[in-house]
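Q: Quick one: sequence plus predicted model below, questions after.
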Amino acid sequence: MTKAIDSGDTPPASAPHTAAPVVSRAASPTPTPTRRARSDNRPNILLVLTDDQPKETDWALRQTADWLGGSGVTFARAHANTPLCAPSRASIMSGRYAHNHGLLDTRHPAHLDQHTTVQRQLHEAGYRTGLFGKYLNFWHPGTNPPHFDEWLLQEPVAYYNGHYNDNGTVRNIKGYNTTVIKDRTLDFIDRSRTDDRPWFAYVATRSAHEVNIPETKYAHARVPDWDGRPSVFESDKADKPPFLRKANHPFEQGKALRERQLRTLLSVDDAMSDLRDKLRSLGQLDNTLVLFTSDHGLCWGDHGWLRKSVPYRPSLEVPFQLSWPAGGFTGGTDDRLTGHVDIAPTFLDAAGITPDTPHDGHSLLDRGNDRDHLLAEWWWNRQDKQPIHTWASYIGKSEQYTEYYRGRLDADGRPKGSGKVIFREYYDLRADPYQLTNRLHGASTAEERRLGVPGLAKGLAAARLS
C-alpha cells in the first residue's frame, strides 16, 4: 500500500489562473468504429453522478444539455429521496428508501447490503462493470468495491491530487478529480473494442461539493449574475421549524456558493462531451443508456439555509436526464414524480433483468408507470452538532406534507428517540412553489381537514413503514 503524500484540495501552485468561457468544442472527425461484434443487444449503461448539484445550473452544462436534453428525456420532477450523500447513493444503487437499505448517515457504509445493489445484478448477468470516482463516504480506501470488474475509487474525495484505490492499489494520482476519473472511464469504454460484453460505468465526480475548487482553467470564469429567488429573501420564518428560524445565511453567501459550484461544473461538462465523442467513435451512442443526475440538491440561502438536509425543493430536487435512442428515449420532458429509487429498476429493466431483491422504485422505461406521491426522509446525525430535526416528507403532485420527529441517530448510525411528531408543514406547491407559507401554521382542525392533512399523514406513515 502506498502512503498518501498529498491528497488535499490544492491546485498546483504553478498552474495559471485564467478566465475561460464555456465554448463548445468543434466536432472532430468521427473515426470508423473498430469493435468486435456484440454478443447480445443489451444496452451499455453509463451513470454520471455529480455531488451536491442543485437545479438551475444549466449554464455550466451546455454541452451536456445539447446531448442529453437534445436527444434524451429531461425528468422535470426528479428528487433525492434522502438529501445526504451516502444514503442517497445507497438508494441509487439499491432502488430502496433509506429506511429499507439502512445506510442513514455518512459514516457507516457497511450498513448497505452489497447483495442488493444494481452493480451486483448487472455483473452476475454478464455486464462488465466499472466504478470511477466517489463510492460511499467513509469507505475504507484499501477495501475493494464489490461487484466491479475494475475501479478507480477515491476516498477521501478531493478536487486535486487525490487518494485512490486503483484496482486494488492505493496511491495518489496527480490531477483534477473530474479529469482523472473521466480519463479512466474513457479507457474502460474503449476496451469494448475487444470485449464484446455490454458494460456498466458508475462515474461519480467531486463536483460540485464544497469546498469548491475549480479546474485552473476555469478558476476565474465569468459566471452569469443571479438575482436570487423569493425563498432566499424570506423575511418571516415564524412558520418554519425551530432550527430553521435561526438560520441566517444571506443572499450574498448563496450567490457566492452558486458561483463556485458553477465553475466546478464546467469541467463536468467537458467530461460529458468527451464521453459522448468516445461513444460516437465506437458506434455505441445509440445503444448506450446514459443517465445524468446529482446525489441531491443544495440551498443557496433559501430560507436562510446554505446546505442540503432540509425538505425544501432546492435541497430535494435534482437534475435528471436520460438518453437511450435505441430504447426510444429521445427528446422531450417527463413530468412524472421521479426519485433516485427509480434508477436501479430502470437499469435492470433496460438490461432485461428481473430484480431479485425488493425495490421501492419502479422502471422509468414504462411511461405509463406513474405514482401520486414520493417519500423523502432524513435523520439528524452526528455530522450535525446543532439540532436539525429528523423528518419525513410526503411529496405529492401538487402538495408536500412534512413531519419532524424527536430523535436522532446513535453512534452506530441507528435511529433512537421517541419519534414523537414535534412540528409539521404543508405547502401548496402550485400556488406556493417557493414554500413560503406553511398552511399548518395556526391552522384549525377544520382547515387541516379541508387541506386533506389527515389523509396525507396516514399516507406518510404508510410510506415510512413500507
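A: Nice, thanks for sending it over.
Q: From the rest of the structure, what touches stretch 232-247?
A: Stretch 232-247 is contacted from outside by 251, 254, 300-306, 310, 386-389, 404, 423, 425, 434, 436-438, 440-441, using C-beta atoms under 8 Å, 6 or more residues apart in numbering. (C-beta placed from N, C-alpha, C; glycine too.)
Q: Need the CA coordinates for it. PDB is fine.
A: Output of stretch 232-247 as PDB, limited to C-alpha atoms (Å, rounded to 0.1, in the frame of the first residue of the first chain):
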ATOM      1  CA  VAL A 232     -33.800  33.400  -0.500                       C
ATOM      2  CA  PHE A 233     -35.300  36.700   0.700                       C
ATOM      3  CA  GLU A 234     -37.900  35.200   3.000                       C
ATOM      4  CA  SER A 235     -38.100  37.600   6.000                       C
ATOM      5  CA  ASP A 236     -40.800  36.000   8.200                       C
ATOM      6  CA  LYS A 237     -39.900  32.400   9.100                       C
ATOM      7  CA  ALA A 238     -42.300  32.000  12.100                       C
ATOM      8  CA  ASP A 239     -44.000  29.200  10.200                       C
ATOM      9  CA  LYS A 240     -40.800  27.200   9.800                       C
ATOM     10  CA  PRO A 241     -39.300  24.500  12.100                       C
ATOM     11  CA  PRO A 242     -37.400  25.900  15.100                       C
ATOM     12  CA  PHE A 243     -33.900  25.100  13.800                       C
ATOM     13  CA  LEU A 244     -34.600  26.900  10.500                       C
ATOM     14  CA  ARG A 245     -35.800  30.000  12.200                       C
ATOM     15  CA  LYS A 246     -32.300  30.500  13.500                       C
ATOM     16  CA  ALA A 247     -30.700  30.100  10.000                       C
END
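Q: Need the mean per-residue confidence for it.
A: Averaging pLDDT along stretch 232-247 yields 95.
Q: quick one on the thing from earlier: so of the contacts of stretch 232-247, which ones are in helices?
A: Using DSSP state H, the subset of these located in helices is 251, 254.
Q: Out of the contacts of stretch 232-247, list just those in strands.
A: Using DSSP state E, the subset of these located in strands is 404, 423, 425.
Q: out of these, which is most surrounded?
A: When neighbours are counted as other C-beta atoms under 10 Å, the busiest of the ones in strands among the contacts of stretch 232-247 turns out to be Tyr404, with 24 neighbours.
Q: what number of residues lie near the closest residue to Leu365 other than its chain neighbours?
A: Of all residues beyond its chain neighbours, the one nearest Leu365 is Asp349 (5.0 Å), with distances taken as C-beta to C-beta, 6 or more residues apart in numbering. Using other C-beta under 10 Å as the criterion, Asp349 is surrounded by 19 other residues.
Q: what's the model's confidence in the one helix or strand Asp349 maps to, averaged?
A: Per DSSP states H and E: Asp349 is located in helix 343-350. Summarised as a single mean, pLDDT over helix 343-350 is 98.
Q: tell me the contacts of Glu403?
A: Taking C-beta under 8 Å, 6+ apart, we find Glu403 in contact with 391-393, 421, 423-424, 457, 460.
Q: now, which of those residues sits nearest Thr288?
A: Ranked by distance to Thr288 (C-beta to C-beta), the contacts of Glu403 are led by Ser393 at 34.2 Å.
Q: Assign the closest one to helix, strand or coil.
A: Recorded secondary structure, Ser393: strand (DSSP: H, G, I helix; E, B strand; the rest coil).
Q: and Val170, how far is that from Arg382?
A: Applying C-beta to C-beta, to the nearest Å, the value for Val170 to Arg382 is 26 Å.
Q: Neighbour count: those two, which is higher?
A: Using other C-beta under 10 Å as the criterion, Val170 and Arg382 rank with Val170 on top: 18 against 13.
Q: That one bridge partners, please.
A: Following DSSP bridges, Val170 is listed with bridge partners Asn165.
Q: Remind me what the helix holding Asp349 packs against, helices and strands.
A: With contacts defined as 3 or more C-beta pairs under 8 Å, 6 or more residues apart in numbering; DSSP states H and E, the packing partners of helix 343-350 are strand 44-50, helix 85-94, helix 118-124, strand 288-294.
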